[in-house]
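Visitor: give me a model of this one.
(one chain, ligands or ions: 1)
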Amino acid sequence: MTSDIRPLVAGNWKMNGTRSSLDQIRAIAHGVSGPLSRKLDALICPPATLLYVATTLTVDTRLMIGAQDCHQKARTGAHTGDISAEMIRDCFATHVIVGHSERRQEYGESNHRVLLKARAAYDQGLTAIICIGETREERAEGRTMEVLHRQLRGSLPDDATAANTIIAYEPVWAIGTGQTPRADEVAKVHARIRADLVARFGEGGETIRLLYGGSVNPGNAKELLGIPHVNGALIGGASLKAADFLSIYHAYEDILSSVEA
Ligand SMILES: O=C(CO)COP(=O)(O)O
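Guide: Okay, here's the model as predicted:
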């Protein structure tokens, strides 16, 4: 991690969570509202069905709530089944994930569509968490950096800033598999993403948060989150249980105190 960027621990609940899961949201909100919250942000992205109730439950806490996707049209229209950035804002959510590999794969979302979705998020004052990542095949062919460069160039609007954008590097082969890249590989990729952002956005690119996602769990969090240029995590499975999410969140206690020492 880089000491001058405030880290973020974020959970993506994907297609999980019903009303009975609200206890987990409550417990997470309680757990992230202690002294560590002065140095660290926390976000949960529940399914859209729980969005409004989740923001209502967490209104006076340090836990932020985000959505998992939005339509590329920011406000309203004839798009059956879709949710707009305006609707997300109307639920008092502050963030939205766009371009997750599950959406890129299941719905054929292109880089350009992801860019339009990010713009829709900006239009409504939301922070877009833009996901990029290589597949197992692309990695095996040694094309990781090329793929990430193309995704970054194609998915990020020209007016991306540290205030409206977070990048999540999620190797597709690491999602839900229990496999993660080695620490030196994550370090190399994040350094390249940072360099890419600085080349395009200048000084503004230096402070856009870079999250790592893919099989982050309480056992590997300290190692992954301590890597240079890793400014937090986007957690899938391990964010569903408050105890696991909070254990990852608390991995930052040691990391932040060693940075300060
Ligand atoms: O896709 C992810 C978060 O967006 C990562 O999922 P897992 O943590 O379950 O591997």
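
Visitor: from here on, just use CA atoms for contacts and neighbour counts.
Guide: Noted.

Visitor: for the stretch 101-250 of the chain, which segments count as strands?
Guide: All strands of the stretch 101-250 of the chain, identified by DSSP state E, counting those that start in this stretch, fall at 127-132, 165-169, 209-213, 232-235.

Visitor: and the closest residue to the ligand within the stretch 1-150 of the chain, what pLDDT?
Guide: The nearest approach of the stretch 1-150 of the chain to the ligand comes at Asn12, 5.1 Å away (Cα to the nearest ligand atom). For Asn12, the model assigns a pLDDT of 99.

Visitor: let's have the chain start at 6 instead
Guide: Got it, first residue is 6 now, which makes that one Asn17.

Visitor: so what does it have for phi and psi?
Guide: Per-residue torsions, Asn17: phi -110, psi 110 (degrees, to the nearest 10).

Visitor: pretty sure Asn116 sits against Val152.
Guide: No. In this structure, Asn116 is not within contact of Val152 by Cα atoms under 8 Å, at 11.1 Å.

Visitor: for the residue lying closest to Tyr254 once chain neighbours are set aside, list the residues it contacts.
Guide: The shortest distance from Tyr254 to any non-neighbouring residue, by Cα to Cα, 6 or more residues apart in numbering, is to Val14 (6.2 Å). Shown in contact with Val14 (Cα atoms under 8 Å, 6 or more residues apart in numbering): 45-48, 237-240, 253-254.

Visitor: do the helix or strand harbouring Ser263 and the ligand meet?
Guide: Assessed by DSSP states H and E, Ser263 sits inside helix 247-265. No. Applying Cα under 6 Å from any ligand atom, one finds helix 247-265 separated from the ligand by no less than 10.5 Å.

Visitor: can you check stretch 198-216 too?
Guide: No. Stretch 198-216 is not in contact with the ligand by Cα under 6 Å from any ligand atom; minimum separation 10.0 Å.

Visitor: can you redo the strands of the stretch 106-255 of the chain as CSV with distance to Ser262, mean pLDDT and mean neighbour count?
Guide: As requested, the strands of the stretch 106-255 of the chain are exported to CSV (distance: least, Cα to Cα, whole Å; pLDDT from 0 to 100; neighbours: other Cα atoms under 10 Å):
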stretch, distance to Ser262, mean pLDDT, mean neighbour count
strand 132-137, 27, 99, 27
strand 170-174, 24, 98, 25
strand 214-218, 20, 98, 27
strand 237-240, 15, 98, 28
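
Visitor: may I see those organised as CSV, with distance to Glu146 added?
Guide: Below are the strands of the stretch 106-255 of the chain laid out as CSV (distance: least, Cα to Cα, whole Å):
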stretch, distance to Glu146
strand 132-137, 17
strand 170-174, 18
strand 214-218, 21
strand 237-240, 26
